[in-house]
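Asks: 3D, please:
(one chain, ligands or ions: 1)
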Amino acid sequence: MPAVDDLLQRHQQVAERSAPSVQGAVPGLHVTVVTCMDTRIDPMEVLGLKLGEVHVLRNAGGIVTDDVIRSLSISQRRLQTREVMVIQHTRCGMATLTEDEFRDELERETGLRPTWAVEAFREVTDSVRQSVERARRSPYLLHTDQIRGYVYDVETGALSEVA
Ligand SMILES: [Zn+2]
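Replies: You can find the predicted model right below:
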């Protein structure tokens, strides 16, 4: 059985279905968190968050890509967020890839070379700084004075500010 069917069953089994406890779409803390899709990271847990407090944007690496800038611009311009936390992490899978090898693999297997960057990196702190800098320099964001970057250590659970 596909895992999604299992998830749909779980959904049915939740005793009481009700609307979300938060009704407003504006994040209460006016913060957007950008982080990796890695299974070990639970942003709600890591930051002690409650539903409705922040926007969370996730992708492979927690990289500030053009699509993240798209969401950040909507988050700031329509949903009143003013601060950004970029959180990448130790032992990230993106540090095991190389840009060219992964692009070559995709092209070899599909006949199509991707138009997008893989965004592989060697040093996570460099990657955080790059992402933070992209956001700070974006002409589309209204608030760039509180864009900060962190590395989350998946072994200790510690968060270190690096940008
Ligand atoms: Zn990762």
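Asks: in contact with the nearest residue to G61 once chain neighbours are set aside: list those residues for me.
Replies: Closest residue in space to G61, ignoring its immediate chain neighbours: M94 at 4.0 Å, by Cβ to Cβ, 6 or more residues apart in numbering. C-beta coordinates here come from the backbone N, C-alpha and C atoms, glycine included. By Cβ atoms under 8 Å, 6 or more residues apart in numbering, the contact set of M94 is 36, 60-61, 63, 119-121, 127.
Asks: near the ion, which of the residues you listed show up?
Replies: C36 (Cβ under 5 Å from the ion).
Asks: in JSON lines, list the contacts of M94 along with secondary structure and pLDDT.
Replies: JSON lines is the format used below for the contacts of M94 (DSSP: H, G, I helix; E, B strand; the rest coil; pLDDT from 0 to 100):
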{"residue": "C36", "secondary structure": "strand", "pLDDT": "98"}
{"residue": "A60", "secondary structure": "coil", "pLDDT": "98"}
{"residue": "G61", "secondary structure": "coil", "pLDDT": "98"}
{"residue": "I63", "secondary structure": "coil", "pLDDT": "98"}
{"residue": "E119", "secondary structure": "coil", "pLDDT": "97"}
{"residue": "A120", "secondary structure": "coil", "pLDDT": "97"}
{"residue": "F121", "secondary structure": "coil", "pLDDT": "97"}
{"residue": "S127", "secondary structure": "helix", "pLDDT": "98"}
